[in-house]
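Participant: Let me see the structure of the following:
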Amino acid sequence: MKYGIWLSWNNQEEGFELPILPREIGPSINGDGTGHDVFGLGKINVIKDRGLAEYTIESIFPAQPYPFITASIVLQPREYVDYILKWWETKRPIRFVYVGSTMEINTPASVEGFEWKEVAGSPGDIQFSLKLKEYRFYAARRVQVAQQQDGAPAIQKEGPKRPDDREPSKTYTLTAGDNLWKVAQKVLGDGSRWREIQRLNGLTDAQLKSLPVGLTLKLPEQGGAAYA
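Facilitator: This next block holds a predicted model:
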């Protein structure tokens, strides 16, 4: 099994493997409990959902062919810096993948901090510290406005959906009668997102008029337009 750390952006449109693994890596997760003073009991703690995991990666982007480099493809040190800064400026999550001997991580993440500097005594090497935070995709929920008997509006929220732990499909194969609007409506639940599918698959407007049956399309994340 190959151990390593991979960072990518926009559904792996761009990405790289870190050339040198850090000395240590692991999640930092804080609880979100709230303390209260209760008469007769004193201080109590109300346990809530766990916080988002945070990761700090410290290593170097090498300019020399060190024997401890683990990546099969090594970029110039400044290229790694430029990629991370570019992704950070888009305000969209990246994909963080780590495969180790006892732990695996595969999660969308936001860039929370990035520091880098040239290492003294090693011309061209860049030492860096990258801080990531687990990202959760989300989408707005629909509400319906109904009239009460007195004429006042009443907002009815959608009930919670049944949990579905299946991995969302990332591709769709066209069948007879399909078009991108139908695919977006069927798979993503929103026909207006057909343009996202068009852009993701690099289809021209002319190609949309004669999509072949059996064509496999890549799909964006179901939770929103941004995907990692």
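
Participant: Now for Glu115: which residues touch it?
Facilitator: With contact taken as Cβ atoms under 8 Å, 6 or more residues apart in numbering, Glu115 is in contact with Phe128, Ser129. (Glycine included, C-beta is placed from N, CA and C.)

Participant: Helix or strand: which one has it?
Facilitator: Using DSSP states H and E, the element containing Glu115 is strand 104-118.

Participant: and that strand, which strands flank it?
Facilitator: strand 94-99 (antiparallel), strand 126-134 (antiparallel) (DSSP bridges).

Participant: Could I have the CA atoms of stretch 83-97 written out in CSV?
Facilitator: Presented in CSV, the C-alpha positions along stretch 83-97 are these (Å, rounded to 0.1, in the frame of the first residue of the first chain):
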residue,chain,number,x,y,z
TYR,A,83,-1.6,26.0,-6.1
ILE,A,84,-2.6,26.4,-2.4
LEU,A,85,-2.9,30.2,-2.6
LYS,A,86,-5.0,29.9,-5.8
TRP,A,87,-7.4,27.3,-4.2
TRP,A,88,-7.7,29.3,-1.0
GLU,A,89,-8.7,32.5,-2.9
THR,A,90,-11.6,30.6,-4.6
LYS,A,91,-13.3,30.2,-1.2
ARG,A,92,-14.1,26.7,-2.1
PRO,A,93,-13.1,23.5,-0.2
ILE,A,94,-10.3,21.3,-1.3
ARG,A,95,-10.0,17.5,-1.0
PHE,A,96,-7.6,16.2,1.6
VAL,A,97,-6.6,12.5,1.5
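
Participant: how deep is Leu188 tucked in, by neighbour count?
Facilitator: Using other Cβ atoms under 10 Å, Leu188 has 22 other residues around it.

Participant: Correct me if wrong: it contacts Leu219.
Facilitator: Yes: the criterion here is Cβ atoms under 8 Å, and Leu188 meets it with Leu219 at 7.1 Å.

Participant: Relative to Ala176, which of the strands paired with strand 104-118 is closest?
Facilitator: With Cβ to Cβ as the measure, strand 94-99 is the member of these nearest Ala176 (34.4 Å).
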